[in-house]
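In: Next comes the sequence, and after it the predicted model I'd like to discuss.
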Amino acid sequence: MMAGTMLPPLESDLLRTFVAVAESGNFTKAGETVGRTQSAVSMQIKKLEDILGETLFERGSRGVNMTGHGARLLDNARRIVTLLDDTAASIRLPALDGAVRIGISEEYINSTLPKALGAFAAIHPGVEVTVQQGVSMSNLAALDAGEIDIAVVFEPGGHTRNEVLMVDPTVWVTSEQHCAHERRPLPIATYTYLKNGWCDELALKCLKRCGLESRVAYVSSTSSGLIAAVTSGLAIAALTRSSIPAGCRELTAADGYDVIDFSNVVMKTRARGTNPIVKSMSNAIREAFRTPAIPG
């Protein structure tokens, strides 16, 4: 493309279709999301690529993968689509005043929750939002006591009567640099408060099933503490797959380890269906978990 050439304006429909394809990795599934046929989606992506003068997706037999140019466009495209949706919602929906209190696990404080809070604040800027970071047991107790309105917590995998936001497997994690998993006995990091909790119990059963002798090398009350133990090479730890930090990796069957548990991330609320503020925040949290992270 020649320097100084004026680009045609980017249409919001093209960007919305682009985001749908990026998140689904498939033209047909993207079409279901935006209400278009597969061929119409393909034509829109081709039009967007023609406008930009760059290839955004590599087509394959099993779907599509973003190119580097597509990855660069994605964040801005998401922001534009979200801004348009939030603007439309703020006009259509009555502004709410009041307060809502959320209890959420540490794993999602800096990842999923900001997306939910940003979307909610754009529509209901007058609502006071309080966030309580805590482990699942404390958040459930706070919900039962009426101290919070919404709790996002972990449950053991399997059938549940609660609303499942996502399944986030619990796995053993090690530092790629330090390889603590090669030491014997195996140094592990554990939670102080989970001596009788399901996570600790399942983690130890997993090691026993894999025939691995272990010792407790680090104890913490938070997952950030466990992450510090792993990244420093002091120990391995049981972490949710979504919270594996940079420089670390999951220990898989190839290393002699099993998945500890396919944990459910569930949402529980008070006054379900009767409090419009709780309902609106629940929708924002649900949508934030529904939007997958795209590796960049």
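Out: Cool, the structure landed. Residues are numbered from 1 along each chain as shown.

In: how about the strands of the stretch 1-150 of the chain, start to end?
Out: For the stretch 1-150 of the chain, applying DSSP state E, counting those that start in this stretch gives strands covering 57-60, 63-66, 98-104, 127-133, 150-155.

In: what sits up against the second one?
Out: With contact meaning Cβ atoms under 8 Å, 6 or more residues apart in numbering, strand 63-66 is reached by Val21, Ala22, Gly25, Asn26, Phe27, Leu56, Phe57, Glu58, Leu74, Ile294. Just so you know, the C-beta spots here come from the backbone N, C-alpha and C atoms, and that holds for glycine as well.

In: ok, now the first one?
Out: The set of residues that contact strand 57-60 without belonging to it, under Cβ under 8 Å, 6+ apart, is Val21, Ile45, Val64, Asn65, Met66, Thr67, Gly70.

In: List the strands paired with it, with their directions.
Out: strand 63-66 (antiparallel) (DSSP bridges).

In: list the buried ones in the partner strand?
Out: Gly63, Val64, Met66 (16 or more other Cβ atoms under 10 Å).

In: Let me see the domain layout of the protein.
Out: According to automatic domain parsing, the chain comprises the domains 12-92, 98-158+265-290, 167-263.

In: any idea which of those scores lowest on pLDDT?
Out: Confidence, taken as mean pLDDT, is least for domain 12-92 of the domains of the chain (a mean of 85).

In: helices or strands up against the longest strand anywhere in the chain?
Out: Counting by DSSP state E, the longest strand found in the chain is strand 163-175. In this structure, strand 163-175 makes packing contacts with helix 198-209, helix 223-231, strand 236-240, strand 248-250, strand 261-269, helix 276-290, judged by 3 or more Cβ pairs under 8 Å, 6 or more residues apart in numbering; DSSP states H and E.

In: deepest of those, which one?
Out: strand 236-240 (a mean of 26; mean count of other Cβ atoms under 10 Å).

In: and that strand, which strands flank it?
Out: Here strand 236-240 is paired, per DSSP bridges, with strand 163-175 (antiparallel), strand 186-191 (parallel).

In: That's all I had, so thanks and see you.
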